[in-house]
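Participant: From the sequence below, what's the structure:
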Amino acid sequence: MTRASFTSNHETGLLLGRYRIVKQLAEGGMGKVYLARTEGAEGFTKPVVVKRMKPELRRIDDGARLFTREAKILSKMQHPNVLNIIDFGVEEGAYVMVLDYVHGFSLQPWLDYRYKTQRHLPVNFCLYIVRRVLSALHYAHHFDAGDGKENAIVHRDISPDNVLVSRDGHVHLLDFGIASMSGGEGQSTKSGTFRGKLSYSAPETLEGVPASPLSDQYSVAILLRELLTFDVPFLAESMAVSVQKMVNDVPLLASEYREGLPEGLDAAIARALEKKPQARFASALDFSRELRQFQTEEDEDVFRALIKEVREDFDALPSLLEIEGLKERQAALDDSNPSFSEVESQGAASGRVSQSQPGGSQLRRKGELAAGAVTFTGRSPEGQAGGAAAEASSAQEDWNQGRGLV
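Facilitator: Residues are numbered from 1 along each chain as shown. Presented below is the predicted three-dimensional model:
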């Protein structure tokens, strides 16, 4: 992937000389995220999402390294449930990443909508979606770049924000910005530090143990539990107490929050949530196979039902959550001559939005502790609870608000 330098044209709203900006989706501490399109002969267009890093951050080793690493990792991956990268370049001193556009929402606003309307997601939908995520992770965990060598890519940031569902029912895992990769791009963080969303992180990672494929499995189990029940375990009045609970406590069973779950599903989730990584399923594929037995319909039938429900909910949720809808995004894409100055002013007027864009919505379900990207300096959660240094990385947290807006 060549990081050539291109000349921008703010009058036409072109980035890298070929991506026409139609709408600003978000702005954070690390940069801006745009909805854009490529244009070709005979009226050809293709929607894309563009991430543009602030130029001054190229000189900051950590931020630039994470951004370029994500591009390099994505460039090597080809899986139907992993969001594809299209291009990567430098413009006016800023890194620019171009990704496939998914016409849909992340799981976060869908969960918010279902919670607000007090309607659980059907169990088959939850299992189907999570099994697609596990398929993407199994591919990443056993990644072969074509040289015959297996390089495990550990995502490390599984959460509702980072799973997209399109209006056509397709599931995509995104945001490999803090992923680790063996034998190629190295670790994304320094030894002894932690990065990720606290509520979804495996307990061993809070103790300074490097994240592994089994850590991702734990995060997926938290995600599945939330999809089924709206509950995120271990939430407390402070980050320190939450960390202690995550390391020491056993979460309540999903069936204690929702009646009628398939017999045996509690046990499968509990196994994936074991404190000791080796007590979990051997792989993401094994976890997926275990979950399949609780899905009462074939994948094709679940997929058809999912499309119908997704379209109904995605049409209705913007007004209830007071966020931007898919129709507004499509209108921006269809605008024959968008003005870049208008795009910029739209973004400024809308302010910073959450990663669950479009619109940004995250209800606090059952007293949820806001959990952004956190860096623990120190290896012991007990030390953290006792007052050892633990700080939220504000630049990274801002970037989390704007990453993956597709």
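
Participant: For S182, see how far away the closest residue to V82 other than its chain neighbours is.
Facilitator: Of all residues not flanking V82 in the chain, A136 sits nearest, at 5.0 Å (Cβ to Cβ, 6 or more residues apart in numbering). Where you see a C-beta, it was placed from the backbone N, CA and C, and this is true even at glycine. A136 sits 18 Å away from S182, going by Cβ to Cβ, to the nearest Å.

Participant: coming back round to it: my read is the residue nearest to V82 is in a strand, agree?
Facilitator: No. Checked against DSSP: H, G, I helix; E, B strand; the rest coil, A136 lies outside a strand; its state is helix.

Participant: In contact with it, which residues?
Facilitator: H79, N81, V82, L173 (Cβ atoms under 8 Å, 6 or more residues apart in numbering).

Participant: same check, this time on S215
Facilitator: So S215 contacts V154, R156, S201, A202, E204, T205, P277 (Cβ under 8 Å, 6+ apart).

Participant: among these, which two are most distant?
Facilitator: R156 and P277 (13.8 Å; Cβ to Cβ).

Participant: out of those two, which sits in the busier spot?
Facilitator: R156 (27 against 18; other Cβ atoms under 10 Å).

Participant: any idea how far the nearest residue to N162 once chain neighbours are set aside is from D161?
Facilitator: Using Cβ to Cβ, 6+ apart and skipping residues adjacent in sequence, the residue nearest N162 is D175, 4.5 Å away. According to Cβ to Cβ, D175 and D161 sit 8 Å apart.

Participant: How far off centre is stretch 329-336?
Facilitator: Here stretch 329-336 is found 25 Å from its chain centre; the criterion is Cα atoms, centre = their mean, to the nearest Å.

Participant: just stretch 74-93 next, same as before
Facilitator: 15 Å.

Participant: about what we covered before: cross-reference the contacts of S215 with the strands and report the matches.
Facilitator: Taking DSSP state E, the ones among those that sit in strands are V154.

Participant: want to try TSV for the contacts of S215, with pLDDT and distance to L321 as columns?
Facilitator: TSV is the format used below for these (pLDDT from 0 to 100; distance: Cβ to Cβ, whole Å):
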residue	pLDDT	distance to L321
V154	95	32
R156	94	28
S201	95	26
A202	96	30
E204	95	35
T205	93	31
P277	97	36
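
Participant: ok, so of the contacts of S215, who is nearest R65?
Facilitator: Each of the contacts of S215 was checked against R65 using Cβ to Cβ; the closest is R156, at 15.0 Å.
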